[in-house]
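Trainee: Need coordinates for the following:
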Amino acid sequence: MPSTQSLTPTGYKQTEVGVIPEDWEVRPVYKIASIKTGPFGTLLKASEYSESDGVPLISVSEIRQGFLRITNHTPRVSEIVTRKLPEYILRKGDIVFGRKGAVERSALIRDHQDGWFLGSDGISIRPWSDYHNEYLALQFQSTRVQRWLLHNAIGTTMPSLNQGILRRIIIPLPPTLAEQRAIADALSDADAYIEALEQRSAKQRAVKQGAMQELLTGRRRLPGFSGEWEVRRLGDLVNFYKGKGLSKSVLDPFGNQPCIHYGELFTQYSETIREVLSRTNTHENGFYSISNDVLMPTSDVTPNGLAKASCIKIDNVLIGGDVLIIRSKINQMEGSFLSYLIRLLKDRILQLITGTTVFHLYAADMKRFTFSLPPIREQQAIISCLEDMDASLAAQEAQLAKARQVKQGMLQELLTGRVRLV
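Mentor: Below you'll find the predicted structure:
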């Protein structure tokens, strides 16, 4: 069997982080940066937090995959606190991690974030001037480092980081700042493209949400339609049924019967189902769909998940237990109109849900749901308009997913020196 050395390409060498160019080196974090743990409770008390005044307090909740997400729930600290504890002020170029929970995530502090404050469950790394901070930040986002962090984090119920763990991370380094910068710039261009796609997708989602709000409530009418909509009670229009037991253990990708497990309604299906993802061979005495049925999950540990509905456009699909089937009595209602409407009027659905630790939605509850219903032709025209928007959004999301995949490939090639830019 050939040795590992003989398999290494010419001009490259084998190291503890894998194969890298011969003129690159590897160094642990403690030799390229200083590490700072956020202030403990004795230094910074929760009573010193503010909801509106001061700079954001950066902890694990704010640290995402390569960026910081600031929300209305992000605590802030006043100038009094920052003057008292200046050593915890974050500066442009720092790299922040969370100490507990999502320990593999990190983010680089950008220009506009200079002066923000390190929270008690955060750790920051401040690269020395000999190293390019954006390049190092990208190394921390690599799959290799993220896996290493998850593997070496301490704790059983919740992974935790400390300075001793972070200081041992090994980073491959090009020989010059110029090459480090070139790698960071190339990946920054990829990030900018991804961010532009994300903004475009967010805008399309907002446009769709606005269209749903206007079209499904009659605030805006499509060309060719007029007249008053009729207020109807759902129980007067439909019959209710319930699916039958279908555990995950009996799902079989090679089964002869298409089926829907109730858990899939939370994550796998949107307002309209035209293709079923699962199959099974166990289907005696089951309940089967008729095209135009509307499916809703009936139990969950949180109420929000129950305000979802999907209209299935396929006959004879086996429907699992804990699924409420809403079947139109007469041809007066387009099922997808109802599924879109239920998702739009989420707050009204939540008022029908019962339970404390486990939440339930019953047929008797949904019978009381009232809404304005246009004639069937207008329902179909509205759904056609919304589904066109969905198709456009799906194409945009596919382009975004491909861009993210390409960036991951670039990360792997550039951060290991397989592709050289200078």
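Trainee: so the closest residue to His132 other than its chain neighbours is in which element?
Mentor: Of all residues not flanking His132 in the chain, Gln180 sits nearest, at 3.8 Å (C-beta to C-beta, 6 or more residues apart in numbering). For glycine as for every other residue, the C-beta is placed from the backbone atoms N, C-alpha and C. Element membership for Gln180 (DSSP states H and E) is helix 177-215.
Trainee: For the stretch 51-200 of the chain, just list every one of the helices.
Mentor: All helices of the stretch 51-200 of the chain, identified by DSSP state H, counting those that start in this stretch, fall at 79-84, 133-140, 143-152, 163-166, 177-215.
Trainee: by contact count, what packs against the third one?
Mentor: Same thing as helix 143-152. helix 376-414 (3 or more C-beta pairs under 8 Å, 6 or more residues apart in numbering; DSSP states H and E).
Trainee: quick check: domain ranges of the protein?
Mentor: Domains of the chain are assigned by automatic domain parsing as 28-173, 230-373.
Trainee: Distance from the chain centre to the helix or strand that the helix holding Gln180 is followed by, please.
Mentor: Sequence order places strand 230-233 as the next helix or strand after helix 177-215, per DSSP H and E. Strand 230-233 sits 37 Å away from the centroid of its parent chain (C-alpha atoms, centre = their mean, to the nearest Å).
Trainee: What is strand 230-233 packed up against?
Mentor: strand 370-373.
Trainee: Run through who's touching the strand it packs on.
Mentor: Residues from elsewhere that reach strand 370-373, judged by C-beta atoms under 8 Å, 6 or more residues apart in numbering: 217-218, 229-234, 237, 332-333, 337, 341, 345, 379.
Trainee: Do a quick rundown of the strands in the stretch 201-350 of the chain.
Mentor: 230-233, 238-242, 257-260, 272-273, 278-280, 287-288, 293-297, 299-300, 310-312, 318-319, 323-328 (DSSP state E, counting those that start in this stretch).
Trainee: Between those, which one is closest to Val19.
Mentor: strand 278-280 (41.2 Å; C-beta to C-beta).
Trainee: Could you check the closest one and say which residues are buried?
Mentor: Buried residues in strand 278-280, defined by neighbour count with 16 or more other C-beta atoms under 10 Å: 278-280.
Trainee: One more: stretch 396-409?
Mentor: Neighbour-count burial for stretch 396-409 [16+ other C-beta under 10 Å]: 396, 400, 403, 407.
Trainee: What residue, apart from its backbone neighbours, is nearest Arg167 spatially?
Mentor: Tyr30 (3.8 Å).
Trainee: List phi and psi for the one you found.
Mentor: Backbone torsions for Tyr30, taken as degrees, to the nearest 10, come to phi -70, psi -10.
Trainee: can you list the domains of the chain in JSON lines and add distance to Leu386?
Mentor: Shown next, in JSON lines, are those (distance: least, C-beta to C-beta, whole Å):
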{"stretch": "domain 28-173", "distance to Leu386": "29"}
{"stretch": "domain 230-373", "distance to Leu386": "6"}
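Trainee: Out of the ones you listed, flag the one nearest Thr15.
Mentor: domain 28-173 (7.1 Å).
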